[in-house]
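>>> Model the following, please.
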Amino acid sequence: MLIDRFDRNKKYRVVIYVRMSTKMQNERSPDQQIERIKELIHRLQLPWEVVAIYRGDGISGRSSRKRLDFQQMLKDLKSGKVQAELILVDSFERFSRADNNHEIRSKLARQGIKILTADSNFENPDSVPGKALSFVESFRATEEGRIKAHNVLRGKHDAVRLGHWPGGSAPFGYRLKNIMTLRKGVEEIDYRTIEPIPEHKGIILKIFESAAHENLGASRICRKLNKDPEIPEDLKPFSISSIDSFLQNELYYGEMIWGKYCYGIVDDVRVRQPVPEQDWVRNENFCEPIVDKALWDLAAKNRAARRLKNNDSNDQSKNGCRPNMPHARGIALKYPLSGLVICSSCGRSMVATSGAKYKTISGEIRNYVSYRCPARFADECDNHFSIPEEWLRETVFDLIRQQLFSISQ
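Okay, here's the model as predicted:
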């Protein structure tokens, strides 16, 4: 059995990591954590040298990937750019609330790095009491997050039932309205509701009338709005995704349907999961409507018919491929450069689009595939170039081969 040789009185090099979950919290929280850790080092008369401090402001501890300072710390420690034996945190919740806490801790331990917490007076995590404490800390970090999420969810359900805004930004066409109350002689916000913005109501009406009476899809509505001289330029450009979300939002006819999806972190990736309809929270008179319910229903009916038509055409593809072939997450089955080709004008990822099939002189059936900026379809971007997929793929692969062979030589 390996002997634990941790000695708190040894001259260790340490890094400090601090974090606060949201920007709504006390802005001084990270600084307070740093002060507390340094104060405890001084009070315990520990001969430790602080070689680096990393901080995450307004970042949730449930995801490791999005915490850039956290990732930078792990990268610096792994590469040896920062040499340290200890990571000091105020409490383990500040370090991580992820489900893979034990895995993170184990990887650091293999590098000879321990995580110590100020709320345990820097208890050795490899001692028997320390191992028990580490288990409790990891469990507490994840379980506390679950309990907090449950309490927040319960509060949002109640807010929707009462006609109160549950949080976040108001959708386009609405604005937040503060409802004030007097508490102990001080006027403060009791809750918020939403109300239509008069200047934006006409735009929302145009969107739904275009979808209902002209049977236009989101991309054509988007082009129409971006070219409309009556719409102020500061509201442009509209995007296809935003128009699509407007047409799905029941708030525009006055009803709030909340809780259609639940969200969580799985393998450090945010995952959306549908919730059964019986668990949704509905308030049919949540806010003042902007469009009539019949108009909203007609727009939804047209969208559903168009979606069904598109699905049928995809299922009846002429190439004989299975229409519902499963895709492995993160793998481009057809176009290996998907997500890597970036538009130079707007910075979006360009998408591979296929034209109609044609027959070559030799009788071969082919179709032309090119990368295009998705924003150009709605006139959000002035990049109208089409990059041939086959040419770009061969060019990139040739460059990679040249680099590999030049390195090997």
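>>> C-alpha from now on. contacts and neighbour counts both.
Will do.
>>> could you measure residue 258 against residue 168, distance?
13 Å (C-alpha to C-alpha, to the nearest Å).
>>> Between these two, point out the one with more neighbours.
Neighbour count, other C-alpha atoms under 10 Å: between residue 258 and residue 168, residue 258 has more, with 17 against 7.
>>> I'd like to know how many residues surround the residue nearest to that one when sequence neighbours are not counted.
Sequence neighbours aside, residue 281 is the residue nearest to residue 258 in space, at 5.1 Å (criterion: C-alpha to C-alpha, 6 or more residues apart in numbering). When neighbours are counted by other C-alpha under 10 Å, residue 281 registers 16.
>>> Tell me how far residue 281 lies from residue 299.
Between residue 281 and residue 299 the distance, using C-alpha to C-alpha, works out to 23 Å.
>>> and what of residue 105?
Distance of residue 105 to residue 299, given as C-alpha to C-alpha: 52 Å.
>>> So these two - more neighbours on which side?
residue 299 (24 against 15).
>>> List the buried residues in the helix or strand encompassing the more buried one.
When elements are assigned from DSSP states H and E, residue 299 belongs to helix 293-315. For helix 293-315, the neighbour count (16 or more other C-alpha atoms under 10 Å) marks 295, 296, 297, 298, 299, 300, 302, 303 as buried.
>>> same check, this time on stretch 168-178
By 16+ other C-alpha under 10 Å, the buried positions in stretch 168-178 come out as 170, 171, 172, 173, 174, 176.
>>> Over to stretch 238-246?
238, 239, 240, 243, 244, 246.
>>> all strands for the stretch 201-350 of the chain, in order.
Here the stretch 201-350 of the chain has its strands, by DSSP state E, counting those that start in this stretch, at 256-258, 261-266, 269-274, 281-283.
>>> Low-confidence stretches in this protein?
Residues of the chain meeting the criterion pLDDT under 70: 1-4, 22-26, 58-65, 97-101, 130, 134-145, 265-270, 311-333, 378, 407-409.
>>> So which residues of it form helices?
Ranges of helices within the chain are 29-43, 68-79, 92-95, 101-110, 128-162, 198-213, 218-227, 240-248, 293-315, 389-408, based on DSSP state H.
>>> Output the ones you listed as CSV; include the columns distance to residue 339.
Formatted as CSV, those follow (distance: least, C-alpha to C-alpha, whole Å):
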stretch, distance to residue 339
helix 29-43, 36
helix 68-79, 21
helix 92-95, 32
helix 101-110, 29
helix 128-162, 33
helix 198-213, 30
helix 218-227, 21
helix 240-248, 18
helix 293-315, 22
helix 389-408, 13
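>>> So which of these is the most surrounded?
Highest mean neighbour count among the helices of the chain (mean count of other C-alpha atoms under 10 Å): helix 92-95, with a mean of 23.
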